[in-house]
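> Sharing a model prediction with you, sequence too.
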Amino acid sequence: MCADKNHDKPNVFKSVFTNKCARCRRGSIFLSKNPYDLKNCMKMPEKCPVCGQQVEVEVGFYYGTGYVSYALSIAICVASLIAWWLFIGFSIYDNSIYWWLGFNGILLLSLQPVLMRWSRTIWMAFFVRYDEDWHQPPQSTGRVNATFKNAI
């Protein structure tokens, strides 16, 4: 490892959960740091402010994030079900399953802005690899359709 802290490889999980660029793991890929600023929570810059990586790698790149968001939602549902079962319990004689369903629905609604951002960051990390030489400009993939971006 390098003696300089700026050259250490950042942790992939920390960079995903703090919504950092997949290439340099330092630049934020969202303009607003607050996921609950609902007007601006999904606005992204065109390029990473640190390394210059295209944030939208190709047209329609983030359509696949629905699958990631679904998987994260299912994981939260299972975790809340297990926690409810361990701490409160379920019985056929009361309505605890309905209370859990209500709690789980509110939990998922309240976490939705965070889950949407995490799913985009995870999706980007699947396709854009960490580059130790991120100080160099990124190689163009040729997959971004500039015709549609410059139209109108």
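Noted; the coordinates are in hand.

> per-residue pLDDT, residue 116?
Residue 116 is assigned 94 on the pLDDT scale.

> same deal with the one 10 residues further on?
According to the predicted model, the pLDDT of residue 126 comes to 90.

> tell me which element it is part of?
For residue 126, the host element (DSSP states H and E) is helix 96-127.

> helices or strands up against that helix?
Applying 3 or more C-beta pairs under 8 Å, 6 or more residues apart in numbering; DSSP states H and E, one finds that helix 96-127 makes contact with helix 12-17, helix 65-87. C-betas here are computed from N, CA, C, even on glycine.

> looking at the protein, which residue lies furthest from center?
residue 93 (40.4 Å; C-alpha atoms, centre = their mean).

> Quick check, central residue of this protein?
Centroid-nearest residue in the chain: residue 118, 1.8 Å away (criterion: C-alpha atoms, centre = their mean).

> who's in contact with residue 108?
73, 76, 77, 115 (C-beta atoms under 8 Å, 6 or more residues apart in numbering).
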